[in-house]
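**Q** Fold the following.
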Amino acid sequence: MCVLFNVAAMMSQVAGNQDLDIDDGLKLSMKYFQLASGTFQFIKDHVVSVIPQGPTPDFTQDTLDALVALMLAQAQEVCFMKAAKDQMKDSVIAKVAAQTGDYYAAALKLMQKDQARPCWDKVICVCLPVCLSVCLYVSLLLP
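**A** You can find the predicted model right below:
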């Protein structure tokens, strides 16, 4: 189980270290954040239930739910970056930004139930308003 958790953590690290100035880096970053999310979900759904003793704090349902949501939010943020980089229509960029904000809001809500709250609240509290501000700004540009 620790190995799977470390694999998911490493995937998120690889995702975060991609060059986001190039398309391949954006695509790989999205892919690895999604894979990390799926791995945390797999741990939650299939591995934690077979542990004979109580889980450590990093393997609680709340922590794993929060990590799944955070990885999805980060993948969606990279999707937003790609949409902006590719100069998609303003309406598309606004929708992607709104969805990114929704994912970060969900992650923040889950983090507030979790023991990891002091570590992540500040990160998510910065990302959420930025995404929502971009959404509002782009929406105002629409005819």
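**Q** the helices in the protein, which residues?
**A** 2-16, 23-42, 61-85, 90-111, 117-141 (DSSP state H).
**Q** Output those as a markdown table; include the columns distance to Ile51 and mean neighbour count.
**A** Every C-beta, even on glycine, is put in place using the N, C-alpha and C of the backbone. Listed next are those as a markdown table, based on distance: least, C-beta to C-beta, whole Å; neighbours: other C-beta atoms under 10 Å:
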| stretch | distance to Ile51 | mean neighbour count |
| --- | --- | --- |
| helix 2-16 | 11 | 16 |
| helix 23-42 | 14 | 19 |
| helix 61-85 | 12 | 22 |
| helix 90-111 | 21 | 20 |
| helix 117-141 | 23 | 15 |
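**Q** Point out where this protein drops to low pLDDT.
**A** 1, 114-143 (pLDDT under 70).
**Q** switch to 50 and redo it
**A** Counting by pLDDT under 50, the chain contains no low-confidence range.
**Q** excluding its backbone neighbours, what's nearest Gln74?
**A** Phe33 (4.7 Å; C-beta to C-beta, 6 or more residues apart in numbering).
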